[in-house]
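1. Build me a structure from this.
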Amino acid sequence: MTLNLIPKPRRVEVLGGSIRVTLPASLAVNVNFASIEEISELLRDILGWESAGSGTVIRITSMLRELGLERIETKLEEEAYALRIDEEVKIYAKSYRGLVNALATLKQLYDKENSSLPRVLIVDYPAFKYRGIVEGFYYRPWSWSDRREMVRFMALYKMNAYIYAPKDDPYHRDKWRLNYPEEILEEIKALVETAKKYGVEFIFAVSPGLSAVYSSKEDEDKLVEKLLSIAKLGVKIFGIFYDDIPGQLIHEEDRKKYSSLAEAHADFTNRVLKRLKQELGDDVKMIVTPTEYMGVELGQYFKELSEKLAEGVYIMWTGPLVCSLEISYDAASKVSKLSQNRLLVWDNYPVNDYARNRLNMGPLRGRDPKLHEVIHGFFFNPMNEAHASQIPLATAADYTWNPEEYEPDRSLEAALRIMFGEKAGDFRFLISQLGESTLWPREPVEAGLADKLRKGDVPDELEAYFRKLAALQGSICPNGGKLCEDLEPYLYKLGLYGEAGLEGLRAYKADNIQAAWTRLVEMLRKWDVARGLFEIVGCTSQHEEPAWFTKILRNFLDEIITLLAQAVITKWGLKLEVPLITGNVDHKEGHDISKAFKGTREGVFVSRRGLRGMENITVEFREPKEKLCLEFSQSFEQIGETEPAEYVVQAMVEGEWREVGAVTSGRICVEGKVKAIKIAAKSAKPTSATLKVDLRGSEPKVYTSISSRCSILNIVDGRADTFFEVEGAGKGDWIIIDLGGKRKISKIRILQDPIAVAPLQVHVASEKLVYPVLSFEYIEWIPVGRVASHFSEIPVNRETGYVKISLAGKAEKARIIQVQIY
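-> Numbering: from 1, shown residues only. Down below sits the predicted model:
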């Protein structure tokens, strides 16, 4: 029998078979750390078991011999437990927290459907003294109910410490001198009581460093008063956080008293701690987050702070980086020694405040299994999305309890099975479609579908993939809930991609070209909406330091949709283009990179953040362009004033990349067979960038009497994903296409949006015309047909130099996508 347990226990002996649990249970207690009433409440809360009956015997003892054991070899015996399930359920625990740990394991072992438990012996204990969460992220803090639910989650996964330190709680940072209002104190009190109930240490932190005068007795008094107001609620561990503040003394009085920032921080911390101990006793503890909190080759500040802090004060460290991909034993050992063996890890995973349009939901990786030998504990900084955070945090709990046997992928699979049962596979699929995380991105197996499409294959697996995407929200979140609130924007966007893909397959498998066109347009419509949404899905992304740039590595879902659209076009001989537009940069809502190339007034790319000089966008064409001109613009009324950025343009010509030039605005052209272009930011820019690029090749000249938000050239650009919108135009309004000389044409194909069709009359210039004309007034127009559907082909078989398309009636709103002249 394989037991599905998180964290993975130290020792498990499967005794074979199972016992039936009969409720209400019979509770026998031989411990002095909790009353029968408290233990009964824990059983009710954690397991849903009533225990004032004569059913299955639950024997809780502090005598290890009652379980047939001699001793548990660990320095952290207070949290150790043993569990023997045979005829009875026997639990050994030396402390309340050890009992909670045992009950958490019992909960995972319990088969509620069959009211049974496996016959096992488990002996278990943690590696790290502190295994917790630091609510230390920027932007929207958690709600109080989120926090209480998180504390319960922590207990169920054997985490034992929660630090309250939300950056955007004004009383934590900006207004740190002010005591909390009574209504907030009541919420903190309720949270402290919840933590106590579940054996979780509540730690209260303040970040005074933006304004504190460290030499000031008044500021010392203010902080002590505030911490004592929290201590009254039952708190004994506090934090003073000096992270993300200026790296030098900012007040004149401090510069007079102290020789360094480290000296000031140590002195201020020691004075506060001394007074707290005078009021509360010597068991008060303190945690400091230093201003220099990352790196391995740490400087004089960290060394001096470590030397001057009072004994027993812990120091936080984030690892080699702010968001560390790896924390090695050697690096941690070196920093621990420098810290005077005070080190705790503030692990910035799965936090996503640096990438608010992504979820980090993959397992914890890159942590050495021996770190517990040199570090006292880990505190994981979660996402703003509290309930989505619980998935990666379960794997973090697994690591910190038993790091020697931690396997990230196994841990994630086990956590998902425990949390979601038969829905575990759907959640694993979701995580894969989000690229897992920005620290350790992984491509899902479905990314390989793009490679097959590139080879001209339309694989059968596509339909199952798209159906799974389209149905994922309904499968995962049929009844809503707080987790679904966290996931909803991502599920919705993935669902749109799924629906777009299914429309593409319907187009590919259609019975005729008209039906294929209808489905293709609907595919492109859904895809366009999906791409514009703020959240990032269907990509792998990598967070990079020190640039502090989260870049997209591969837009695998956009690749798949683009290549499917191209397969539809090829099959039906539509002679159109849907370029593959990818990039490594994020966007603001409604302004993704594809919008820059739409040829519409509002079609603008707007970057989510300022530029780092590392951003790029690539446009790859299905067929090479004989000539390509790019018209750049960066000033738009609807966006507001922005500082233009300079871009370097490269082109792939004849299979080789060549640099074309640098540009901020204006026109730049490339001769030759252009297969792709790349537009790269040349330098950093502190504010969001805007960009619009009109891509033009050898299209004919087009004229119109119709006012539109779209470029009239869109109807002859050879693309299926652009259009010319006709809105409020009247009968007789016209479009004239100059063919560049007289030539024989056999037919005209006009492709419109199936849900926005305009009635059209098509004319060609008389064969008698001498080309070119000075004015369209002198042209004799010969009618060749009328258009009333979204897919129309008009036979012509005439020589002409101009084609005229006029409205045969009023058009409230219509979209002409392409006019093809054969």
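2. Got the domain ranges for this protein?
-> Following automatic domain parsing, the chain resolves into domains at 11-124, 130-353+366-381, 421-578, 579-698, 701-821.
3. The longest one: how far from the chain's middle?
-> Right, domain 130-353+366-381. 26 Å (CA atoms, centre = their mean, to the nearest Å).
4. Quick one: mean pLDDT for that domain?
-> Domain 130-353+366-381 shows a mean pLDDT of 98.
5. Then the third one?
-> Confidence for domain 421-578, expressed as mean pLDDT, is 97.
6. Give me the distance between that domain and the centre of its chain.
-> 16 Å.
7. cool, and the first one?
-> Using CA atoms, centre = their mean, the mean C-alpha position of domain 11-124 is found 39 Å from that of the whole chain.
8. Quick one: end-to-end distance for that domain.
-> 6 Å (CA to CA, to the nearest Å).
9. would you turn the domains of the chain into a markdown table with distance to E413?
-> In short, each C-beta sits where N, CA and C put it, glycine included. Converted to a markdown table, the domains of the chain look like this (distance: least, CB to CB, whole Å):
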| stretch | distance to E413 |
| --- | --- |
| domain 11-124 | 14 |
| domain 130-353+366-381 | 15 |
| domain 421-578 | 7 |
| domain 579-698 | 30 |
| domain 701-821 | 39 |
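10. With Y399 as the reference, name the closest of those.
-> Of all the domains of the chain, domain 130-353+366-381 sits nearest to Y399, with 5.8 Å by CB to CB.
11. Kindly reformat the domains of the chain as a markdown table containing mean neighbour count and distance to T2.
-> Shown next, in a markdown table, are these (neighbours: other CB atoms under 10 Å; distance: least, CB to CB, whole Å):
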| stretch | mean neighbour count | distance to T2 |
| --- | --- | --- |
| domain 11-124 | 17 | 9 |
| domain 130-353+366-381 | 19 | 19 |
| domain 421-578 | 19 | 15 |
| domain 579-698 | 18 | 41 |
| domain 701-821 | 18 | 50 |
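12. Looking at these, spot the one closest to L412.
-> That would be, of the domains of the chain and by CB to CB, domain 421-578, which comes in at 7.4 Å.
13. does W734 really touch S705, like I thought?
-> Yes. The pair W734 / S705 is scored as a contact, 5.3 Å apart, by CB atoms under 8 Å.
14. Would you mind saying which of the domains of the chain lies nearest H387?
-> domain 421-578 (4.0 Å).
15. Check the separation of the first and last residues in the closest one.
-> Termini of domain 421-578 sit 41 Å apart (CA to CA).
16. Just the strands from the stretch 451-600 of the chain, written as ranges.
-> 540-544, 549-554, 580-583 (DSSP state E, counting those that start in this stretch).
17. For these, please prepare a markdown table with the additional fields distance to R147.
-> Shown next, in a markdown table, are the strands of the stretch 451-600 of the chain (distance: least, CB to CB, whole Å):
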| stretch | distance to R147 |
| --- | --- |
| strand 540-544 | 26 |
| strand 549-554 | 27 |
| strand 580-583 | 38 |
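18. what about the ones you listed, which gets the closest to Y242?
-> For Y242, the closest of those is strand 540-544, at 23.8 Å, according to CB to CB.
19. okay, the angle between that closest one and strand 549-554?
-> Using axes from the mean of the first three to the mean of the last three CA atoms, to 10 degrees, the inter-axis angle of strand 540-544 relative to strand 549-554 is 150 degrees.
20. mind exporting strand 540-544 as CSV, just the C-alpha atoms?
-> Only the C-alpha atoms of strand 540-544 are listed here, as CSV (Å, rounded to 0.1, in the frame of the first residue of the first chain):
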residue,chain,number,x,y,z
THR,A,540,6.3,29.8,-19.8
SER,A,541,7.8,32.8,-18.0
GLN,A,542,11.0,33.4,-16.2
HIS,A,543,11.6,36.0,-13.5
GLU,A,544,15.1,37.6,-14.0
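21. What ranges does the stretch 501-650 of the chain have for its helices?
-> Secondary structure of the stretch 501-650 of the chain, counting by DSSP state H, counting those that start in this stretch: helices at 513-532, 556-571.
22. Let me have these in CSV, adding distance to E13 as columns.
-> Conversion of the helices of the stretch 501-650 of the chain to CSV gives the following (distance: least, CB to CB, whole Å):
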stretch, distance to E13
helix 513-532, 51
helix 556-571, 45
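23. List of residues touching the helix or strand harbouring A28?
-> In this assignment (DSSP states H and E), A28 forms part of strand 26-30. Outside of strand 26-30, the residues within contact range by CB atoms under 8 Å, 6 or more residues apart in numbering are 36, 39-40, 43, 51-63, 66.
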